[in-house]
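S.K.: Any chance you could fold what I've pasted below:
(2 chains)
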Amino acid sequence: AQKVTQAQTEISVVEKEDVTLDCVYETRDTTYYLFWYKQPPSGELVFLIRRNSFDEQNEISGRYSWNFQKSTSSFNFTITASQVVDSAVYFCALSEAGYSTLTFGKGTMLLVSP
Amino acid sequence: GAVVSQHPSWVICKSGTSVKIECRSLDFQATTMFWYRQFPKQSLMLMATSNEGSKATYEQGVEKDKFLINHASLTLSTLTVTSAHPEDSSFYICSARERGQGANYNTEAFFGQGTRLTVV
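M.R.: Numbers count the residues shown, from 1 in each chain, chains lettered A, B, ... in the order given. Next comes the predicted model:
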């Protein structure tokens, strides 16, 4: 069975601070996909990144960066120089090869204050 | 990315009535659609998976007679909450997967905007 753990329920930072959202996953498959989604108060899910299990390269996209480490089964997400607009709930998710159903973590609510 | 449209965005209904939520893939053919439910301040939980032209597969604990799912075409799936009760109030969100090409089974699934259902 697969499982995604986001241990941080809520994080509060002040604008311009860097913040890292943790994600730890469990799966028996050797081929799997990891995702991060942003859910603003309006509710829609905004896709941020998808990473397959064979690609451990870290990725940077603007102020966002992701650190994938198979050795620790972690896929952490860092926002650099946070902004108020980054305030949202962030979900880490996992899908196993051959499926598109996602197992979501419980989410981390990020509050960025001015 | 591909666009999935969900309608309505929000709905308020009386207890005992039925509510239908539509999920449409606008610019691709979705062989598979997924329905999730999210209670306030909680995560998204998969309710069911529907494949075009066949019966939906429900997750354990989801009442198939209460949550009717129809996937009659490659671009439309509907979720009907029958005899709704206040405890059914939740955020329902669908996602759709494009028909895969070749051996690429794990094509990305795209999410609709979600429907906030309130049963009074």
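
S.K.: And residue 9, its phi and psi?
M.R.: By default, I'm working from chain A. Main-chain torsions, A:Thr9, degrees, to the nearest 10: phi -80, psi -40.

S.K.: oops, chain B please
M.R.: With angles defined as degrees, to the nearest 10, B:Ser9 sits at phi -80, psi -30.

S.K.: Return the residues in contact with it.
M.R.: Taking C-beta atoms under 8 Å, 6 or more residues apart in numbering or on different chains, we find B:Ser9 in contact with B:113-116. From N, CA and C alone the C-beta is placed, and that goes for glycine too.

S.K.: Tell me the residues of chain A that contact chain B?
M.R.: Within chain A, the residues that sit near chain B (C-beta under 8 Å from any C-beta of the partner chain) are A:33, A:37, A:42-45, A:47, A:50, A:91, A:95, A:97-107.

S.K.: and the residues you listed, which of them are in strands?
M.R.: A:33, A:37, A:47, A:50, A:91, A:95, A:103-104 (DSSP state E).

S.K.: Can you flag the buried ones in those?
M.R.: Buried members of those, counted by 16 or more other C-beta atoms under 10 Å in any protein chain shown: A:33, A:37, A:91, A:95, A:103-104.

S.K.: Looking at these, which is nearest B:Ser90?
M.R.: A:Phe104 (14.7 Å; C-beta to C-beta).

S.K.: I figured the closest one was touching B:Ser43, is that so?
M.R.: Yes. At 4.7 Å, A:Phe104 and B:Ser43 qualify as touching, with contact defined as C-beta atoms under 8 Å.

S.K.: Need the residues touching each of the two.
M.R.: A:Phe91.

S.K.: for chain B, what are the low-confidence residue spans?
M.R.: Applying pLDDT under 70 to chain B flags residues B:1, B:99-107.

S.K.: what about the strands in it?
M.R.: For chain B, the strands defined by DSSP E cover B:4-7, B:10-13, B:19-25, B:30-38, B:44-51, B:57-58, B:67-73, B:76-81, B:90-98, B:109-111, B:115-119.
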